[in-house]
Every structure is written in structure tokens, then in C-alpha cells.
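Novice: Mind looking at a prediction? Sequence and model below.
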Amino acid sequence: MAQRVSEVTELVPWLRPGQSHSELRRTARRLRTRQIRLPDPRISPDLLAHLIERAIEQELLVNWMMAELGQESELHRVLEERNEHERVRHAVAGFHRLKESPEASDPESAVAQRLRRMHRERRREMGRARRK
């Protein structure tokens, strides 16, 4: 992406919104063939056609960059979801290993207290209602 941005050597005015690129290319071709007469004779039709084509290229580059950034953010979101899923899976596995340990059977042990605290947190996260 940085390479594509560094290729831009001249900045041109932005295009008006709502114009299609094909319409603008036709306009540039008409300017070059002198089918369109400009109100000011000091403005070169070739230069104006060149500016229109460069503006189209500039807009396409910006659109490409936005699409690339969107794909990057989507990839980042997918990786974050996968990492969160793995974290939850490891926590549940640890909870079940702790539950099966011999220290968990003694209600006064620190392991049993930790197990109850973990169970309450899991129940709260999963949205289960407390018993009455």
C-alpha cells in the first residue's frame, strides 16, 4: 500500500461526486478531439483531459486503499474472535480440570472457594438467572 501511495507524483483536484468514471473518460476523449469547446481559450483541452484522467486514477487509488484497509480490519476482527474463542475454551477446560481435582471436594479448601467463584463468574457471563 505504501508503494502505491509513493507512486503518486502529482495531486489533482478531486472529482465531483456522482460522476461515473466512464462518463469522465468520454469527456476527456472529447476534449482531446476538440469536440468540446472551452469558454476560456487560455485553458488547454489536452491539459484539462489529462487532469480528469489523473483525478480518476487518484480516486481509484483511494478506493483501492479503503478496500484494502477494510479487508485488514475484517481479518483483524476474525483473528480477535478466534483468540477470544480459544481463551474461553482454555478457561472452561481449566475449570473442569479444577472441578475434578481432589481438593475441590473439600468445601473449606481454597480450591473449592476458587471453583465456586469461577462458577459464579461463568454463570453471570452466560446470562443464566440465579435460583430463588
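Specialist: Arrived safely.

Novice: all helices of this protein, in order?
Specialist: Along the chain, counting by DSSP state H, helices occupy 2-6, 21-32, 45-100, 110-126.

Novice: residues in contact with the last one?
Specialist: For helix 110-126, the surrounding residues in contact (C-beta atoms under 8 Å, 6 or more residues apart in numbering) are 92, 95, 98, 99, 101, 103, 104, 105, 106, 130. Where you see a C-beta, it was placed from the backbone N, CA and C, and this is true even at glycine.

Novice: What number of residues are in the vicinity of the residue nearest to residue 34 when sequence neighbours are not counted?
Specialist: Sequence neighbours aside, residue 45 is the residue nearest to residue 34 in space, at 6.3 Å (criterion: C-beta to C-beta, 6 or more residues apart in numbering). For residue 45, the neighbour count with other C-beta atoms under 10 Å is 18.

Novice: Isn't residue 45 up against residue 28?
Specialist: No - under the criterion of C-beta atoms under 8 Å, residue 45 makes no contact with residue 28, lying 9.2 Å away.

Novice: if we can go back for a sec, check the helices of the chain for me and report the most buried one.
Specialist: helix 21-32 (a mean of 15; mean count of other C-beta atoms under 10 Å).

Novice: now the angle from that one to helix 45-100?
Specialist: 160 degrees (axes from the mean of the first three to the mean of the last three C-alpha atoms, to 10 degrees).

Novice: Which residues outside helix 21-32 are in contact with it?
Specialist: If you take C-beta under 8 Å, 6+ apart as the criterion, helix 21-32 is touched by 15, 36, 38, 45-46, 48-50, 52-53, 55-56, 59-60.

Novice: That's all I had, so thanks and see you.
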